[in-house]
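Undergrad: everything below, folded, please.
(one chain, ligands or ions: 2)
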Amino acid sequence: MDYKSIYENAYELMDVQIVDGDCGKLCNHHCCRTYDGEKKMGIYLMPYEWESMLEDSEFITNVKLEKHTSFEYNIPHGIGYLYYIDCEDEFGCLRHLRPIQCRTYPFEPHIEKGQLYLAIEKDQIHNCPLIDKREQWNEEFAKRIYLGWKELIKIENIRLMVQYDSKYRNIENNIKIKLSEMEIFN
Ligand code: SF4
Ligand code: SF4
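TA: Ligands and ions are numbered 1, 2, ... in the order given. Below you'll find the predicted structure:
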């Protein structure tokens with residue numbers, strides 16, 4: 001499977017801002033911050049994302065990379081490992097190379113009975129000020145994020161990850177909003 005082409009399509013589809021301009025100005029770049037109190041904070045890349053899109057790019061100058069395995073972290077065994085990154089300078093983001101996690105937030109991909117949805121979780125570590133202001137969102141945002149995930153879940157390990165996270169989201173009753181394909185496109 002050509003992971004790189006899938007990622008290139010997804011990066012293009014998901015190159016969309018939730019609102020016009022830099023939303024980070026509304027919250028002092030809360031979802032890019034590198035510390036939560038004393039605790040260092042980073043983000044997980046999707047399976048094969050580092051190898052397909054980032055390792056040969058200028059993105060590497062800005063990040064610290066750790067490899068987290070299924071044995072040490074809460075990662076499904078079938079996946080094996082994920083890369084975890086810390087952005088060294090959240091104000092100097094290379095936006096065109098920002099990872100999937102940064103493009104999709106505050107939406108999370110969610111699969112139930114084989115159908116893909118976009119979900120917003122109740123439990124928000126970022127307290128995004130835009131979550132309750134959906135009327136201000138760019139009309140294209142949900143559509144393009146959905147299409148990007150539709151592309152990405154063609155990769156089996158990504159689908160596995162999404163199914164794994166969806167299962168726990170349901171068990172923990174951690175869904176604030178869940179949008180189906182029909183709700184997004186109508
Ligand atoms: S928390 Fe919300 S408003 Fe702030 S940078 Fe993230 S997406 Fe933008
Ligand atoms: S890549 Fe950019 S958008 Fe993503 S966490 Fe780092 S600074 Fe923020």
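Undergrad: low-confidence ranges, this protein, go.
TA: 88-91 (pLDDT under 70).
Undergrad: so which residues make contact with the longest helix seen in it?
TA: Taking DSSP state H as the criterion, the chain has its longest helix at helix 156-171. With C-beta atoms under 8 Å, 6 or more residues apart in numbering as the test, helix 156-171 has contacts from 46-48, 76, 78-79, 108-112, 116, 119, 121, 149, 152-153, 174-175. (Glycine included, C-beta is placed from N, CA and C.)
Undergrad: may I have it as PDB, with CA atoms only?
TA: Output of helix 156-171 as PDB, limited to C-alpha atoms (Å, rounded to 0.1, in the frame of the first residue of the first chain):
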ATOM      1  CA  GLU A 156      -5.200  -0.800   8.300                       C
ATOM      2  CA  ASN A 157      -3.200   0.300  11.300                       C
ATOM      3  CA  ILE A 158      -4.900   3.700  11.300                       C
ATOM      4  CA  ARG A 159      -8.300   2.000  11.100                       C
ATOM      5  CA  LEU A 160      -7.300  -0.200  14.100                       C
ATOM      6  CA  MET A 161      -6.200   2.800  16.100                       C
ATOM      7  CA  VAL A 162      -9.500   4.600  15.300                       C
ATOM      8  CA  GLN A 163     -11.500   1.600  16.300                       C
ATOM      9  CA  TYR A 164      -9.600   1.200  19.500                       C
ATOM     10  CA  ASP A 165     -10.100   4.800  20.500                       C
ATOM     11  CA  SER A 166     -13.800   4.700  19.500                       C
ATOM     12  CA  LYS A 167     -14.400   1.700  21.700                       C
ATOM     13  CA  TYR A 168     -13.000   3.500  24.800                       C
ATOM     14  CA  ARG A 169     -14.800   6.700  23.900                       C
ATOM     15  CA  ASN A 170     -18.000   4.800  23.900                       C
ATOM     16  CA  ILE A 171     -17.200   2.900  27.100                       C
END
